[in-house]
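Provided below for reference: sequence and predicted model.
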2 protein chains.
Amino acid sequence: MGETIQVYAPATIANVGPGFDILGLCLNTPGDVLEVRIINDKIHRIIDETGTDLPADPAINVSTVAIDALLRHIGSDVRFLIRFIRKIPPGSGIGSSAASSAGAVYGANVLLGKPFKPVDLVPFAMKGEEAASGSAHADNVAPALLGGFTLIRSYNPLDIISIRFPDNLYCTVVHPDIRLATHDSRRILKDKVPLNIAIQQCGNLAGLVTGLSISDFRLIGASLHDVIAEPERAFLIPGYKQVREAAMMAGALGASISGSGPSVFALSSDQETASKAGNEMKQAFNNIGIRCSVFISTVNKTGTTLFHEK
Amino acid sequence: MGETIQVYAPATIANVGPGFDILGLCLNTPGDVLEVRIINDKIHRIIDETGTDLPADPAINVSTVAIDALLRHIGSDVRFLIRFIRKIPPGSGIGSSAASSAGAVYGANVLLGKPFKPVDLVPFAMKGEEAASGSAHADNVAPALLGGFTLIRSYNPLDIISIRFPDNLYCTVVHPDIRLATHDSRRILKDKVPLNIAIQQCGNLAGLVTGLSISDFRLIGASLHDVIAEPERAFLIPGYKQVREAAMMAGALGASISGSGPSVFALSSDQETASKAGNEMKQAFNNIGIRCSVFISTVNKTGTTLFHEK
């Protein structure tokens, strides 16, 4: 029986405002713990004690799909057992599948003697995302593996840029207890966008990464607008407009849909505002009869890490 | 007879790579000199000794259109004489009209006792741009007035962000001796862009401003791609592909169309490469029988300034 490692794989926010498909950030909490060890078997094994309905079949579970991409790359037939202790609600829009993919390839990489740097694990974890949503997007798995804010400057070739950000930036995530399928929220997007809308999105994204890198909170707030995906998707989240408004009234810098939803996030420049925004956003959901969970977190600087070795 | 001031109004590059309509930079050279003084007259007067075919009628000359916007704002009926000593070739794509508008409002503002900060002059100068091209774009006049790289984060409300950039960044501008009307090159753009193209442009622009602000020359070069306007406009400039290729072969970080052309610019990390790129780009135009002028310049940090007072 080989060594068992524990990996902490944090939640992430993708589609950060104007960074649709290309800007993500890593949260300190919530996060999943994955226990990973090498087994002497023909197939990987998955144990999930959290009572989710995610597939236990290693041929389709995102964690083992991601690991298999790594193993194919190095021509290895090592097999792993992965035991999940989940804290990130699946289907919440804060990178549950990304945490599984990122945590799994991170753990496998450690047990194989670290043939890859974390950034080089991103393409393998993207295979897990592809299995989960049909789209090999990187704006959850890149921040999940690397921490901080990551810009996917280009997908082809893959070019991942870490963006500086202020220490005192607080994230509020409100997860309403409703179901939303990621592939549905992708399908409703139009194939083409008006030129002036594309330019607005460019301006806001360039403004956002600049505001983050020079700690200009005015600019961060002014830039946190997604004019491409949010207008199409907002109606999928009941009460979205009121929830966003509640965050702004509480003093948040800005608020938008986390990933493809249903979670809504806000950014604030201090913890008190982040908490207040969380309470007000929760109240706005409650007002229309939707229960929700609230997470307050700073931005995680390290990404996926070893949690504990035994 | 009142005081005469001389204003130096520098050339600018708009549409810097992926920053179509929203990212511009200011050159140290070439630049126009405008002599400005207050006159006791009913209408403004324009003297242009450079032999251009620009309108001398103050009702339609961009410089006085811009000044009139300023005067309307403060309810003034002061009139000005403007004498142009031009070095920026009109119609070249390096902000000739912007220099006229920026220089004129800058000079008028000085003579009126500086009621406005330079950034607050941008909307007036934009009125000049509107008169010149039918589009009140700011990505020439903002860098012309403020210097450096300026991002127009938003047009409504107008939000202009100065972007940090490396000291050792060199610009090569090659101006081919061909005619191109700005409104033609705008008209050929499609009203809509594919979603994936819009996302590519966003990624490249966010990458470019990040690369500039952290002096990452690899990232600057990788990001200097305009996937929206350049593919539509490149064919308007004979030999464009070869000229761009010549810049890259000479070691430039990247190259693209300056403004809406016909000038082509390249960015380099040292003066020697910038000169070599200029020579090679010129040769590529010459090879197909097109004469051209070459300008090598660092990025201007101050923008429009007083040149000399007498």
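Thanks, I have it. Numbers count the residues shown, from 1 in each chain, chains lettered A, B, ... in the order given.

Going by C-alpha atoms from here, please, whenever you check contacts or count neighbours.
Fine.

Next to chain B, which bits of chain A? Give me the list.
Residues of chain A lying close to chain B by C-alpha under 8 Å from any C-alpha of the partner chain are A:19-22, A:151-154, A:161, A:163, A:190-195, A:198-207, A:209-210, A:223.

Of these, just the buried ones, PyMOL syntax please.
Buried members of the residues of chain A next to chain B can be picked out in PyMOL with the line below, counting by 16 or more other C-alpha atoms under 10 Å in any protein chain shown:
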select buried, chain A and resi 19+20+21+22+151+152+153+154+161+163+192+193+195+198+199+200+201+202+203+204+205+206+207+209+210+223
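
Mind checking which of the residues of chain A next to chain B are in strands?
Within those, membership in strands is found for A:151-154, A:161, A:163, A:192-194, as judged by DSSP state E.

want to try JSON lines for the residues you listed, with distance to residue B:55 and pLDDT as columns?
Output for these, formatted as JSON lines (distance: C-alpha to C-alpha, whole Å; pLDDT from 0 to 100):
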{"residue": "A:151", "distance to residue B:55": "47", "pLDDT": "98"}
{"residue": "A:152", "distance to residue B:55": "47", "pLDDT": "98"}
{"residue": "A:153", "distance to residue B:55": "44", "pLDDT": "98"}
{"residue": "A:154", "distance to residue B:55": "45", "pLDDT": "97"}
{"residue": "A:161", "distance to residue B:55": "48", "pLDDT": "98"}
{"residue": "A:163", "distance to residue B:55": "47", "pLDDT": "98"}
{"residue": "A:192", "distance to residue B:55": "40", "pLDDT": "97"}
{"residue": "A:193", "distance to residue B:55": "38", "pLDDT": "97"}
{"residue": "A:194", "distance to residue B:55": "35", "pLDDT": "98"}
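
residue ranges for the strands of the stretch 101-250 of chain A, please.
A:149-155, A:158-163, A:170-176, A:192-194 (DSSP state E, counting those that start in this stretch).

Make JSON lines from the ones you listed and add distance to residue A:99 to it.
Formatted as JSON lines, those follow (distance: least, C-alpha to C-alpha, whole Å):
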{"stretch": "strand A:149-155", "distance to residue A:99": "15"}
{"stretch": "strand A:158-163", "distance to residue A:99": "18"}
{"stretch": "strand A:170-176", "distance to residue A:99": "16"}
{"stretch": "strand A:192-194", "distance to residue A:99": "31"}
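
Among the ones in strands among the residues of chain A next to chain B, which one lies nearest to residue A:47?
Closest to residue A:47 out of those is residue A:152 (32.1 Å), distances taken as C-alpha to C-alpha.

you'd agree that closest one is up against residue A:138?
Yes - with contact defined as C-alpha atoms under 8 Å, residue A:152 reaches residue A:138; the gap is 7.1 Å.

Find the residues that touch each one of those two.
When contacts are counted by C-alpha atoms under 8 Å, 6 or more residues apart in numbering or on different chains, residue A:152 and residue A:138 are jointly contacted by residue A:22.

Report the buried residues of stretch A:216-232.
In stretch A:216-232, counting by 16+ other C-alpha under 10 Å, buried: A:217, A:219-230.

Repeat that for stretch A:246-266.
A:246-248, A:250-266.

Report the contact partners of residue A:200.
Residue A:200 touches A:227, B:153-154, counting by C-alpha under 8 Å, 6+ apart.

ugh, typo on my part, it should be residue A:93
A:13, A:258-263.

quick one: secondary structure of it?
Secondary structure state of residue A:93, per DSSP: H, G, I helix; E, B strand; the rest coil, is coil.

Mind pulling the model confidence for it?
For residue A:93, the model assigns a pLDDT of 94.

can you check residue A:188 too?
Confidence at residue A:188, expressed as pLDDT, is 84.

do the same with the one 3 residues further on
Residue A:191 is assigned a pLDDT of 94 by the prediction.

now residue A:184
The model reports residue A:184 with a pLDDT of 69.

In a markdown table: the contacts of residue A:93, plus secondary structure and pLDDT.
Putting the contacts of residue A:93 into a markdown table (DSSP: H, G, I helix; E, B strand; the rest coil; pLDDT from 0 to 100) gives the following:
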| residue | secondary structure | pLDDT |
| --- | --- | --- |
| A:13 | strand | 98 |
| A:258 | coil | 97 |
| A:259 | coil | 95 |
| A:260 | coil | 91 |
| A:261 | coil | 93 |
| A:262 | coil | 95 |
| A:263 | coil | 97 |
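
For those residues, which two are the farthest from each other?
A:13 and A:262 (11.7 Å).

can you give me the helices in chain A?
For chain A, the helices defined by DSSP state H cover A:62-74, A:96-111, A:122-133, A:141-146, A:182-187, A:195-213, A:217-223, A:230-233, A:240-249, A:271-287.

chain center to the longest one: distance?
What separates the centre of helix A:195-213 from the centre of its chain is 21 Å, taken as C-alpha atoms, centre = their mean, to the nearest Å.
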